[in-house]
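[1] model this:
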Amino acid sequence: MVNEKLSSDNLKNVDIAKDVLDQLPCMVMAVDLDFNILFLNDTGCEWMGDDFENVEGKKCYDLVKSAHCRTDNCRIKQAMNNDRKYVWRNEITTGGKTFPIEYTAAPLKDKDGNIVGGVEYVIDISERVEIEKEVQEHSRTIMELSTPVIKLWDGIVILPLVGVIDTMRAQQIIENLLSSIVENEATVAILDVTGVPMIDTSVAQHILKTVSAGKMLGAEIIITGFSPNVAQTLVTLGVDLSDIITCGSLKDGVSKAFTLVGRKLV
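    Below you'll find the model as predicted:
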């Protein structure tokens, strides 16, 4: 009982809410309707490189700058005007540093439910952004390795495709093939789809775009290796391949490519 009473008495002298907010690793800032700072926790003060006594009452946009400050896209302004929360990513500059953030902006209300300002919870996501960039870079590398363009001969390049092709990979195929056409000054490009089990309408449209783009670069595109199932699917879907050079096998496609560049396989 004595310990409980002492504990209770001690808590009377502690601002629990402020202490909890000061322990958070994110910045917590409250402003009034005119964007004057009412509260800033310890993390926020550290980010700004100043004490709360020196920032209290100052405009938040003078101390924490972002592309949305002083615009209608300011989320804390929208939170106060629309009485709702906003979660957003942005980049801020404060304390002489610029870094990416994720934050929640919400209205600040009094006991009667009237909006008297706004509050922001701001998280530094620098590490997360770096990890996301690394993952994207690794994914890009994997995509490039899965869509290798090979120089077969002077003026001829070949792109053998294996596996399922989704929209993202189809876009990568287009970029790799067109880049290779330019780099190798190719006049013929072979797109071999022997290892592709299925081609839907979306992928077929990407192939048609590839052919059109290749012709704009001065290269003829030969598509080889349509399986009977894929051919039947394309006919059923009504995909028009009449303007595209197609060959049943890669061997026939290579022979056709050499003919187009004025050479002959013996």
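[2] Can you give the distance from stretch 27-38 to the centre of its chain?
    Its chain's C-alpha centre and that of stretch 27-38 lie 31 Å apart, by C-alpha atoms, centre = their mean, to the nearest Å.
[3] What separation do you get for the closest residue to residue 109 other than its chain neighbours and residue 33?
    Leaving aside its sequence neighbours, residue 109 sits nearest to residue 115 (C-beta to C-beta, 6 or more residues apart in numbering; 5.7 Å). Placement of C-beta: from N, CA and C, glycine included. If you measure residue 115 against residue 33 using C-beta to C-beta, to the nearest Å, the figure is 8 Å.
[4] what residues do the two have in common as contacts?
    When contacts are counted by C-beta atoms under 8 Å, 6 or more residues apart in numbering, residue 115 and residue 33 have residue 80 as shared neighbours.
[5] State the pLDDT value of the residue nearest to residue 109.
    For residue 115, the pLDDT comes out at 96.
[6] now do residue 53
    94.
[7] okay, now it: neighbour count?
    Residues lying near residue 53 (other C-beta atoms under 10 Å) number 8.
[8] what does the one 3 residues further on give?
    Summarising burial for residue 56: neighbours were counted as other C-beta under 10 Å, giving 12.
[9] That one against residue 37, yeah?
    Yes. Between residue 56 and residue 37 a contact is recorded at 5.8 Å, counting by C-beta atoms under 8 Å.
[10] List the contacts of the residue nearest to residue 109.
    The contact partners of residue 115, by C-beta under 8 Å, 6+ apart, come to 33, 80, 83, 107, 108, 109.
[11] What strand or helix carries the second one?
    Just to be clear, that refers to residue 80. helix 75-82 (DSSP states H and E).
[12] Tell me which other helices or strands that helix touches.
    Contact here means 3 or more C-beta pairs under 8 Å, 6 or more residues apart in numbering; DSSP states H and E; on that basis helix 75-82 packs against strand 86-94, strand 97-109, strand 115-124.
[13] could I have that helix exported to PDB, CA atoms only?
    The C-alpha coordinates for helix 75-82 follow below in PDB (Å, rounded to 0.1, in the frame of the first residue of the first chain):
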ATOM      1  CA  ARG A  75      -1.600  18.200 -45.400                       C
ATOM      2  CA  ILE A  76      -1.900  19.700 -42.000                       C
ATOM      3  CA  LYS A  77      -3.900  22.600 -43.500                       C
ATOM      4  CA  GLN A  78      -6.100  20.100 -45.300                       C
ATOM      5  CA  ALA A  79      -6.500  18.100 -42.000                       C
ATOM      6  CA  MET A  80      -7.700  21.300 -40.200                       C
ATOM      7  CA  ASN A  81     -10.000  22.300 -43.100                       C
ATOM      8  CA  ASN A  82     -11.500  18.900 -43.800                       C
END
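[14] what's it in contact with?
    Defining contact as C-beta under 8 Å, 6+ apart, one finds that helix 75-82 is touched by 31, 33, 35, 60, 68, 72, 84-86, 88, 103, 105-108, 115, 117-120.
[15] Check stretch 255-266 too.
    Stretch 255-266 has contacts (C-beta under 8 Å, 6+ apart) with 152-156, 187-188, 190, 220, 222, 245, 247, 254.
[16] Just the buried residues of those.
    152, 155, 156, 187, 188, 190, 220, 222, 245, 247, 254 (16 or more other C-beta atoms under 10 Å).
[17] Sort out which one of the residues you listed lies nearest residue 124 for me.
    Of all the buried ones among the contacts of stretch 255-266, residue 124 sits closest to residue 190, with 49.5 Å by C-beta to C-beta.
[18] Now do the SS call for the closest one.
    What DSSP: H, G, I helix; E, B strand; the rest coil gives for residue 190 is strand.
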